[in-house]
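Asks: Have a look at this prediction, sequence included:
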Amino acid sequence: MIFIGTSGMLGRFVPLDAIPAVWWRSVIAMVLLAGFCYWKGYSFRIKDPKRRWLAILAGVLMMGHWVLYFYALKLSSVAIGMLSIFTYPAMTTLLEPLLLKQRFQVRHLFLAGLVIVGIYFLAPSFSLKNGATLGLVLGLCSALVYSLRNILMKTQVDNIQGSVMMTYQTAITVICLLPALFFFDAVPTTEAIPYIVGLGLLTTAIGHTLLLACFRYFSVSTVSLLTCVQPVYGILLGMIFFKEIPGWSAVLGGALILSAVAVEALATVRAQRR
């Protein structure tokens, strides 16, 4: 969680536009993850054509999530960017019954309402002319895309090894964003290199690989509960290294959002133990 929590700090302050930053992050992570998969002997082959296309779609959604997230960080702050992303569990609880034709639960509607109240406190103003508010909106859009990607992963491509799936997603991001680089200053400066390497190595390759390894020792619900500390680590890192201290309104909004996530994760854990 500490490694993945570096995404907010590194993404916020990397001296590149969001699209080149995501592209370089994906290149580094793709090479490292492909090497890891080769070392472990994982197969990259997806026999079912339908699953192959779904894996590509999941990669496109992941790319959209990353780009929107980086713009959210650059326009707002580490706190608002990371906390807005963590509305995705509430979005998932609302989207999953709609997309998979399941029954709604009253608890989910209550928790979604709690998240909405948290977003109200996070918003600096209700004008899109305010950069921080626009960043919050992009963060919420990023969370929505991430929710759709997770639902797709859960229902359609769950038989693909996790590290292989991450390799596919980083590769798809590299391919899709390549034409956009012609419109940006994509060559990283000396100052940008440590941030980019950190994003590719620490956040994506090491962080996500360690997260996948957690599933050998914990249930999915327990891991989802552990992910609640990601924004806390991210905000603390932003405070330590860049003196970016969130206001009390952001703290209150974040507490409401993380409380909703924690309650849902705990309820899922209890339901699995019955």
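Replies: The structure has been received and is ready for your questions.
Asks: what about the helices in the chain?
Replies: Using DSSP state H, the helices of the chain run over 2-13, 18-40, 49-75, 78-85, 88-100, 106-122, 131-155, 162-177, 193-198, 208-214, 220-226, 230-242, 248-273.
Asks: now for those helices, which one comes closest to V187?
Replies: Closest to V187 of the helices of the chain is helix 18-40 (Cβ to Cβ; 8.4 Å). The C-beta positions use only the backbone N, C-alpha and C, and glycine is treated the same way.
Asks: Least reliable of the helices of the chain by average pLDDT, please.
Replies: The stretch with the lowest mean pLDDT among the helices of the chain is helix 220-226, which comes in at a mean of 60.
Asks: my read: L140 touches S84, true?
Replies: Yes - in this structure L140 lies within contact range of S84 using Cβ atoms under 8 Å: 5.4 Å.
Asks: need the contact list for the closest residue to Y146 other than its chain neighbours.
Replies: Nearest non-adjacent residue to Y146, counting by Cβ to Cβ, 6 or more residues apart in numbering: H65, 4.4 Å away. When contacts are counted by Cβ atoms under 8 Å, 6 or more residues apart in numbering, H65 is found next to S142, V145, Y146, R149.
Asks: quick one, what contacts the third one?
Replies: Okay, so that is Y146. Contact analysis of Y146 by Cβ under 8 Å, 6+ apart lists L61, M62, H65, I85, Y88.
Asks: Report the separation between it and A192.
Replies: Applying Cβ to Cβ, to the nearest Å, the value for Y146 to A192 is 25 Å.
Asks: Could you do the last one as well?
Replies: When Cβ to Cβ is applied, the distance between R149 and A192 equals 27 Å.
Asks: Who has more neighbours out of those two?
Replies: Between R149 and A192, counted using other Cβ atoms under 10 Å, R149 has the larger neighbour count: 21 against 17.
Asks: Enumerate every residue touching the more buried one.
Replies: Under the criterion of Cβ under 8 Å, 6+ apart, the contact list for R149 reads A58, L61, M62, H65.
Asks: For the first one, give its distance to G253.
Replies: Taken as Cβ to Cβ, the spacing of A58 relative to G253 amounts to 30 Å.
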